[in-house]
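Peer 1: Next come a sequence and a model predicted from it.
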Amino acid sequence: MKLFTLYNTAGSVNTYLIGHENGGDAIIIDPGQIDLHILDILETNNYYIKSILLTHDHENHIRGVKTLMKIYDSTIYSKSPLIYDFTAHTLNDNDILNLSGFEINVIWVPGHSDDSLVFRIRNTLFTGDVISAGRIGLTHGSIQKNLLQRGIVDKLFSLDKELIIFPGHGSPSTMKSEKEFNPFINHSDYLN
């Protein structure tokens with residue numbers, strides 16, 4: 001698996017590109033903005049965007065969908081059924097996808113938004129705005145914050161502690177670091 005982390009200044013969003021060493025069909029996660037740099041990486045590596053995975057449908061994470069759909073015959077995968085004027089393949093909790101030769105486990109963790117998804121591919125988690133290094137996603141109130149915290153503890157912290165977290169904003173982290181040090185999680189909820 002070849003992974004590119006692409007930073008978009010519009011919205012300060014991380015976009016992730018996943019493909020094989022020898023090119024071919026590829027996956028893009030949260031295409032915040034498609035610029036010449038991203039297009040150059042796609043062309044240089046002989047990638048064709050077959051799948052667009054969206055962690056949630058906030059504008060700064062999906063802005064590049066329109067551009068990609070003009071260039072590629074891609075399928076959009078999201079919890080939301082409609083992204084702009086494009087129909088998305090609707091995902092649910094615990095779905096397993098096989099895209100471009102990669103198995104993708106879908107984990108629904110609402111709270112930041114009702115449609116927040118996390119994607120597990122091999123030893124990586126693409127978390128969007130659910131969790132990032134030392135932070136959790138912003139919420140609109142205490143009920144949503146509690147829902148988000150509970151989802152992180154129940155659904156993510158039960159996973160392998162060696163998983164690498166690739167968030168929608170900021171730098172990567174590890175599951176172990178977030179379990180031990182994230183100040184926005186009540187650690188007594190899951191520690192014995």
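Peer 2: All right, it came through fine.
Peer 1: what residue ranges in the protein score low on pLDDT?
Peer 2: Where the chain drops to pLDDT under 70, the residues are 187-192.
Peer 1: And whichever strand or helix holds S51, what does it pack against?
Peer 2: Per DSSP states H and E, S51 falls inside strand 47-53. With contacts defined as 3 or more Cβ pairs under 8 Å, 6 or more residues apart in numbering; DSSP states H and E, strand 47-53 has these neighbours: strand 24-29, helix 36-44, helix 65-71, strand 75-78. Every C-beta, even on glycine, is put in place using the N, C-alpha and C of the backbone.
Peer 1: now what about stretch 173-187, what contacts it?
Peer 2: The contact list for stretch 173-187 (Cβ atoms under 8 Å, 6 or more residues apart in numbering) reads 125, 131-136, 149, 152-153, 156-157, 159-165, 167, 190.
Peer 1: Show me how far that stretch is from its chain's centre.
Peer 2: Here the centre of stretch 173-187 is set off from its chain's centre by 18 Å, with Cα atoms, centre = their mean, to the nearest Å.
Peer 1: Which positions in that stretch come out as buried?
Peer 2: 173-175, 178-179, 182, 185 (16 or more other Cβ atoms under 10 Å).
Peer 1: again, but for stretch 102-118
Peer 2: 102, 104, 106-113, 115-118.
Peer 1: Please tabulate the residues you listed in TSV, including the columns distance to A10.
Peer 2: Below are the buried residues of stretch 102-118 laid out as TSV (distance: Cβ to Cβ, whole Å):
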residue	distance to A10
F102	27
I104	26
V106	26
I107	27
W108	27
V109	25
P110	26
G111	25
H112	19
S113	19
D115	21
S116	21
L117	22
V118	23
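Peer 1: Now, the contacts of stretch 173-187 that are in strands?
Peer 2: 125, 131-132, 135-136, 164-165, 167 (DSSP state E).
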